[in-house]
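[1] Sequence below, structure please.
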Amino acid sequence: MTNAAALSAVMAEQTQASALTPAVHELIKQGALQASHAGAASTAVGAVIAKGVNTAILTTKLKIATAIVAIAAALLGSGWLISQVMTDKTPAPVAIAPVSVTPVAAPVPLPEVVLDLSTPEKSFDSMTRAMAAGDRAKFYACITADPNRPPTLIDAILDTCFTQNRLIHAVNLVFGNGERARHEGTPDRIMQIIMAGWPRGVPIAKVQGDTAALPLNLPPMLVQLLPRQTQQDMEAWLGKTISFVRKDNQWRADIDHLGRVQGSLEGRNLHTNDPNRLHAALSGEARIQGQLADQILAHKFRTWQDAAISWGKEEDKYRQAAGFRGLNFTFIPTPPAAGIPDLQGAWEGTMDLFGTGVAEGASTKTRIVLKLTTTNGDIRATIDSIEMGRKDIPAYKVIYDYPTLRLIMNPRTGYTLTINPDATEMLTSVTSFQGETREIVLKRTTAPDQVPPPLSESDFAPQSNSDLQGYWKGTIGQGDNALPVNLKIAGQSNGTFRGELDSPMLGANGQPLSVLYSRPTLKLLVATGSGMFRGEFSDDQTEITGSWIQGGHAKPAVFKRADFQAEHAHDADKDYSYTSSTELQGHWKGSWILIETKIRLALDIAKLPDGTLSAALTNLDQFGNDDPIPPSGFQYSPAGIHMEWKWAGGAFDGKLKNGKLTGAWKQGGGSFPLIFTRAPAN
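    All right, here's what the predicted structure looks like:
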């Protein structure tokens, strides 16, 4: 009896033959045959590669404990060999003479995959074949995730699987026996076992409308063959399902909500679970595998042993440069779908902004409406801030791990909300820079408050029958430190007025105002409670003089009627184009780090018809103050550039060199390196 036949017989006996379908038996036998065929050649290559310092094949502790991957690594193909590697029981390396294999003259293309997404079962089969072929594009066509999205850890793990299978096919085409190149299990192996256990001609998925749940069932006796620790990992997955979503009569799998990745990088004096470093490490591994596959197909190596030695050296070099020796990953299942409330809809509450209110000790507030939608299994979130006049502020990342919902609004702002048992409320908190904390309770609602639409130019255009409607420019305070502010006031059909306050030097425009007017007295209140104006009209109705009240203190304020059209008449004449890297005009982007948080900035510089320059700086992550701010001072010469934003308390000094604006941002007595590069053209 051959080793393969013996192994197959033992496995069949241990799994109680009656518990497995013939298809599963056949897969077990095939796996045993592949392991047997690899045999001494695989061990030999491993021994040669072991001469390296930190190679992936013999030192990586890559544990992806999932229903998709863990069994494949421990059960199928060369998984029996790699299981020794993962437990650090590798024998001492010995010198092995390379075996010469004549490569084929012209390798055929990698496997072509024809997709069928007409049912969840057929979509699952298409996923399996796409993964086995190493075809990333075809695989992502079978799932709900956008292949061009910012990569997640799941994407990075999948990329290592795609490149490994491409490598296996390349080795098989050029040298034969591609399984020699397998160093970890890939999802397609276990997916084949799952499908082999399906009864013929019987639908497996439970379909409800345009959603379906496909069970990830594995024979319990098969799981018992695994090492004890792996069994414990797998028990969490038994009976779980993978969700499918139907769109345009095609079923796609929602793998993002199948589970979540936990992992770490290990090395000398290193232990980190930083997702950015984990992602970079996986991407590096995938890149090396992909390059090796391309080199093999291009006949860069005489034998597989030569290719394997090159692989080990590249792994060593990469890992030493990246500063790690091992990768550890665990994939944890999400709770059962029936236990996860559907959060779609509107949720409303009140948030403390921690700003200075009108009265002494008063604070600023805004109503917020969180809007959640699900498209193809992808949760999207936007926030409306009613009193701030901001609508559909997007969260660039949403993580739903019941009973918590994590919203990442920008690199410096995020909220973690806890959902109550009946999914009618969410609770979170916000903390001020001074350490004050306020709770926010969001309640589910079918009638959320609405952000008032912004005033258009025609809304506040002057009217002959209204002494108040129009555009007013003014200042709060006196002297050089007087803050410029603008008013837009529009009459309503019911005789009342709507207003907006622009604070252009603070990047806070379009702030809703309540307007109370009883000739000649005018009272304006910022909706968030951040200030109030009381004043009276001049006799000629062209000026309003009074006081701005905030924090219980009053400052002089004056507004004069202005011409909005004339002020913005030359906006279209601003020229941002450039013909040389030595020209300053253009759209620039930059960032600096504050307490480990990246602050993203956009700088727009235009040339005016008279040859002078204008500029505006936007803090993309400063909620409520994220409108472009013109500098209060702007000097440019070949010696350097200086821009100052007096009311924001910041300044930039730098030089235009090699197509970059390189310098420092100065604020609050500190200085931070800041480099602006030209933003890509739209």
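[2] Just the strands from the stretch 451-600 of the chain, written as ranges.
    470-476, 483-491, 497-503, 508-518, 521-526, 532-537, 543-550, 553-562, 586-594, 597-607 (DSSP state E, counting those that start in this stretch).
[3] how distant is the third one from the center of its chain?
    Its chain's C-alpha centre lies 36 Å from the corresponding centre of strand 497-503 when counted by CA atoms, centre = their mean, to the nearest Å.
[4] Same check on the last one?
    Chain-centre distance of strand 597-607: 21 Å, with CA atoms, centre = their mean.
[5] do the same with the fourth one
    For strand 508-518, the distance from its own C-alpha centre to the chain's C-alpha centre is 37 Å (CA atoms, centre = their mean).
[6] relative orientation of that strand and strand 521-526 in degrees?
    150 degrees (axes from the mean of the first three to the mean of the last three CA atoms, to 10 degrees).
[7] name the helices or strands packed onto strand 508-518?
    Packed against strand 508-518 by the contact rule (3 or more CB pairs under 8 Å, 6 or more residues apart in numbering; DSSP states H and E) you find strand 483-491, strand 497-503, strand 521-526. C-beta coordinates here come from the backbone N, C-alpha and C atoms, glycine included.
[8] just to revisit the earlier point, tell me which of the strands of the stretch 451-600 of the chain sits nearest to Leu442.
    Closest of those to Leu442 is strand 508-518, at 21.1 Å (criterion: CB to CB).
[9] just to revisit the earlier point, for Asp352, find the nearest of the strands of the stretch 451-600 of the chain.
    Closest among the strands of the stretch 451-600 of the chain, using CB to CB: strand 521-526, at 15.4 Å.
[10] how about the strands of the stretch 301-450 of the chain, start to end?
    Taking DSSP E, counting those that start in this stretch, the strands of the stretch 301-450 of the chain run over residues 326-333, 345-356, 363-375, 378-385, 390-394, 397-401, 404-410, 413-419, 425-431, 437-445.
[11] Export the ones you listed as TSV, with columns for mean neighbour count.
    Shown next, in TSV, are the strands of the stretch 301-450 of the chain (neighbours: other CB atoms under 10 Å):
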stretch	mean neighbour count
strand 326-333	19
strand 345-356	18
strand 363-375	18
strand 378-385	18
strand 390-394	15
strand 397-401	17
strand 404-410	18
strand 413-419	17
strand 425-431	16
strand 437-445	15
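[12] can I get those in TSV with distance to Leu455?
    Below are these laid out as TSV (distance: least, CB to CB, whole Å):
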stretch	distance to Leu455
strand 326-333	50
strand 345-356	22
strand 363-375	19
strand 378-385	17
strand 390-394	14
strand 397-401	32
strand 404-410	26
strand 413-419	27
strand 425-431	29
strand 437-445	27
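[13] Go through those and name the closest to Ile255.
    Ile255 lies closest to strand 326-333 among the strands of the stretch 301-450 of the chain, at 10.4 Å (CB to CB).
[14] So which other helices or strands are in contact with the closest one?
    Using 3+ CB pairs under 8 Å, 6+ apart, strand 326-333 sits against strand 259-267, helix 275-297.
[15] How far off centre is it?
    19 Å.
[16] Use 2 as the first number for this chain going forward.
    New numbering, starting at 2: the last item is strand 327-334.
[17] Using CSV, write out every CA atom in that strand.
    Extracted in CSV, the C-alpha atoms of strand 327-334 (Å, rounded to 0.1, in the frame of the first residue of the first chain):
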residue,chain,number,x,y,z
GLY,A,327,6.5,36.0,12.7
LEU,A,328,2.9,36.8,11.8
ASN,A,329,0.0,35.6,14.0
PHE,A,330,-3.6,35.9,12.9
THR,A,331,-7.0,34.8,14.2
PHE,A,332,-10.3,35.3,12.4
ILE,A,333,-13.2,35.6,14.8
PRO,A,334,-16.8,35.0,13.7
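[18] Now stretch 589-606: buried residues?
    Residues 589-593, 600-606 are the ones in stretch 589-606 that count as buried (16 or more other CB atoms under 10 Å).
[19] So what sits opposite Leu373 in the bridge?
    Beta-bridge pairing of Leu373 under DSSP bridges involves Gly346, Ala382.
[20] least trustworthy helix or strand in the protein by mean pLDDT?
    helix 80-87 (a mean of 23; mean pLDDT, DSSP states H and E).
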